[in-house]
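Participant: Test case, fold it:
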Amino acid sequence: MPGMRRREFLAAPAAMAAQTAAPPNILFVMPDQWRGMDLGSHGAQVRTPNLDRLSARGVQFDCAVANTPVCSPARASLLTGQYAHSVDMAVNDLPLDNRHDTIAKILAKAGYYTGFIGKWHIHGGPRMPGYVPPERRQGYEFWAASICNHSYFEQVYFRDSPEPIRMPEYESYGWTKLALEFIDKARERKQPWFLSLQQGPPHDPYLWPPGFEKSYDPAKIAMRPNWSGGAKNAAGRPTGTRENVAAYYAAIEALDRETGKILDQVDANTIVLFLSDHGDMLGSHNAALKRKPWEESCRVPTIFAGPGIPAGWRTPQPISHIDLVPTLLGFAGQKRTPEMPGCDFSNFIRTRGRSKPKDLPQHSMLMSHSKTEGREFDPWRGLRTPRWKYARFENKPWVLYDLAADPFERKNLIAEARHAKLIAGFDKEIEAWQTRFNDSWAEQVDWLLRDRPQRKTARAV
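Facilitator: Got it, this is the predicted structure:
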């Protein structure tokens, strides 16, 4: 059904769509640094009408997290289906080795036309100028991307030569046009397609997209109850201000509109996965950016919609980045490799949770192999269940929250004797996981952590 409009895609009966003999297309949409709670469908102040309609026709995972809530590690997991440290990608700005199986390689072998658009950030070395040669693209055929450049009004990207192509508009608008170009090409080729669209916004610097400059009044922003106005980023600049949050919301609303334009052009035989690589503290817990165990950092939006997926379902079932490659492969009728430790949720989703795989996770692992951006916290490991959040340093427990009673994580229960048995059990889980996956407490440092050039922030707030 080429050219099917969004309202038809969202309204198409899942059962009818599932009867098609053709393998489903897969649209993977991942903006950068979008917090899991910041959706209109979750009661947030930000306006996301297109994603709200998408979620109404699919499933939302309310307990979805990034295993390693920072960019390169998260992207490596979302490409390989493995924990970041298992593929030597535990920190930012490292190169992902070509030897690993990736979702793009597997789907390409299965006859899919594969495409990548946006921010790559798993090439290693300097981020600029940003060219990635074809042999380092991990299975993607169509290419319009750069390594990492958060200059949203001065973006450049590359195709199949090292000649930069300047984007004449705000980044998200340009990436959308390229996504529509890919869909047109895929339709001409008459083969199933897999598109990974990974945009830079709403990641800092917090910039107002054109047309959205007055979308949110900073004075009227409802800040989270755990917010403090004193947070600073690694460079010592205030972050998480009302102005920052207002511009962050504006970037989200612009991305929602652009996502709607893409959904306008996909047919009913398309699995859509919307998520992010990690969140953003934005002043909650008086902290900035990510790499933290708190919900603002590690919780990510996760919405599945498309053929065979029941409408209007929200589930507290734990899911994390390592589960998403096996799940998308499951929807495509492909098997995950033995190296992928995550769970294939495809039948769980199709049956509204009635079909429970043997490896259905009861919790998700959380971790940071480096100190946080401001070097204020040491490397940590933790886990999240639907009710509990726990994290520890190598030599001592750190935080324990009862998320059911304390969703904003304002009361740390770590010192309460009545929880000693629970903490000991969580420690045992973490120790067993570290043994199984050969995880060391040795600190790692981002390749570009020191002496990183400052971004241009002329339009930052």
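Participant: Val91: neighbour count?
Facilitator: 26 (other C-beta atoms under 10 Å). To be clear about C-beta, it is placed using only N, CA and C from the backbone, and glycine gets the same treatment.
Participant: Need the distance between the two termini of stretch 93-101.
Facilitator: Criterion C-alpha to C-alpha, to the nearest Å; first-to-last residue distance in stretch 93-101 is 20 Å.
Participant: which residues are contacting that stretch?
Facilitator: For stretch 93-101, contacts defined as C-beta atoms under 8 Å, 6 or more residues apart in numbering pick out 72, 76, 79-82, 87-89, 121-125, 127, 135-136, 138, 148, 337, 339-340, 446-448.
Participant: Poorly predicted segments of the protein, please.
Facilitator: By pLDDT under 70, the low-scoring segments of the chain are 1-21, 449-461.
Participant: pull the CA atoms of the helix ranked longest in it into PDB?
Facilitator: In terms of residue count, the longest helix belonging to the chain (DSSP state H) is helix 242-263. Output of helix 242-263 as PDB, limited to C-alpha atoms (Å, rounded to 0.1, in the frame of the first residue of the first chain):
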ATOM      1  CA  ARG A 242      13.700  26.800  32.900                       C
ATOM      2  CA  GLU A 243      14.900  28.200  29.600                       C
ATOM      3  CA  ASN A 244      16.800  25.000  28.900                       C
ATOM      4  CA  VAL A 245      13.700  22.900  29.600                       C
ATOM      5  CA  ALA A 246      11.500  25.100  27.500                       C
ATOM      6  CA  ALA A 247      13.900  24.800  24.500                       C
ATOM      7  CA  TYR A 248      14.200  21.100  25.100                       C
ATOM      8  CA  TYR A 249      10.400  20.800  25.000                       C
ATOM      9  CA  ALA A 250      10.300  22.800  21.800                       C
ATOM     10  CA  ALA A 251      12.900  20.500  20.200                       C
ATOM     11  CA  ILE A 252      10.700  17.500  21.200                       C
ATOM     12  CA  GLU A 253       7.600  19.100  19.700                       C
ATOM     13  CA  ALA A 254       9.400  19.800  16.400                       C
ATOM     14  CA  LEU A 255      10.700  16.200  16.300                       C
ATOM     15  CA  ASP A 256       7.200  14.900  16.900                       C
ATOM     16  CA  ARG A 257       6.000  16.900  13.900                       C
ATOM     17  CA  GLU A 258       8.800  15.600  11.800                       C
ATOM     18  CA  THR A 259       8.100  12.000  12.900                       C
ATOM     19  CA  GLY A 260       4.500  12.600  11.800                       C
ATOM     20  CA  LYS A 261       5.700  13.500   8.300                       C
ATOM     21  CA  ILE A 262       7.600  10.200   8.000                       C
ATOM     22  CA  LEU A 263       4.600   8.200   9.300                       C
END
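Participant: And that helix, what's buried?
Facilitator: Across helix 242-263, burial judged by 16 or more other C-beta atoms under 10 Å covers 242-260, 262-263.
Participant: mind listing the strands in the stretch 151-300 of the chain by residue range?
Facilitator: 156-157, 165-166, 193-198, 270-275 (DSSP state E, counting those that start in this stretch).
Participant: Including mean neighbour count, could the ones you listed go into a markdown table?
Facilitator: Output for the strands of the stretch 151-300 of the chain, formatted as a markdown table (neighbours: other C-beta atoms under 10 Å):
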| stretch | mean neighbour count |
| --- | --- |
| strand 156-157 | 20 |
| strand 165-166 | 12 |
| strand 193-198 | 25 |
| strand 270-275 | 24 |
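Participant: can you tell me which residues contact the nearest residue to Pro129 once chain neighbours are set aside?
Facilitator: Among residues not flanking Pro129 along the chain, Pro164 sits closest, at 6.0 Å (C-beta to C-beta, 6 or more residues apart in numbering). Contacts for Pro164 were tallied using C-beta under 8 Å, 6+ apart; they are 129-131, 156-158.
Participant: With Trp441 instead?
Facilitator: If you count contacts by C-beta under 8 Å, 6+ apart, Trp441 has them with 379, 394.
Participant: Next: Gly124.
Facilitator: Going by C-beta under 8 Å, 6+ apart, Gly124 touches 93-96, 447.
Participant: which of those sit farthest apart?
Facilitator: The most widely separated members of the contacts of Gly124 are Leu96 and Trp447, with 13.0 Å between them, by C-beta to C-beta.
Participant: Which of those two has more residues huddled nearby?
Facilitator: Applying other C-beta under 10 Å to Leu96 and Trp447 shows that Leu96 carries more neighbours, namely 23 against 17.
Participant: That one and Trp143: what is the separation?
Facilitator: Distance of Leu96 to Trp143, given as C-beta to C-beta, to the nearest Å: 15 Å.
Participant: Asp256 now?
Facilitator: 26 Å.
Participant: same check, this time on Asp93
Facilitator: 20 Å.
Participant: Correct me if wrong: Gly111 contacts Trp193.
Facilitator: No: using C-beta atoms under 8 Å, Gly111 is not in contact with Trp193, being 10.1 Å away.
Participant: thinking again about what came up before, just the buried members of the contacts of stretch 93-101?
Facilitator: Among the contacts of stretch 93-101, those buried by neighbour count (16+ other C-beta under 10 Å) are 72, 76, 79-82, 87, 89, 121-124, 127, 138, 148, 337, 340, 446-448.
Participant: Tell me which residues of stretch 54-69 come out buried.
Facilitator: Residues of stretch 54-69 classed as buried by neighbour count (16+ other C-beta under 10 Å): 54-55, 57-69.
Participant: Dump the C-alpha coordinates for it into PDB.
Facilitator: Output of stretch 54-69 as PDB, limited to C-alpha atoms (Å, rounded to 0.1, in the frame of the first residue of the first chain):
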ATOM      1  CA  LEU A  54       1.400   6.100  17.500                       C
ATOM      2  CA  SER A  55       1.300   4.800  21.000                       C
ATOM      3  CA  ALA A  56      -2.500   4.600  20.900                       C
ATOM      4  CA  ARG A  57      -2.100   2.100  18.000                       C
ATOM      5  CA  GLY A  58       0.700   0.100  19.600                       C
ATOM      6  CA  VAL A  59       2.400  -0.700  22.900                       C
ATOM      7  CA  GLN A  60       4.300   1.500  25.300                       C
ATOM      8  CA  PHE A  61       6.900   0.000  27.700                       C
ATOM      9  CA  ASP A  62       6.800   2.100  30.900                       C
ATOM     10  CA  CYS A  63       9.800   0.300  32.400                       C
ATOM     11  CA  ALA A  64      12.200   0.800  29.500                       C
ATOM     12  CA  VAL A  65      15.800   1.800  30.200                       C
ATOM     13  CA  ALA A  66      19.200   2.400  28.600                       C
ATOM     14  CA  ASN A  67      21.600  -0.200  30.000                       C
ATOM     15  CA  THR A  68      24.500   2.200  29.600                       C
ATOM     16  CA  PRO A  69      22.900   5.700  29.500                       C
END
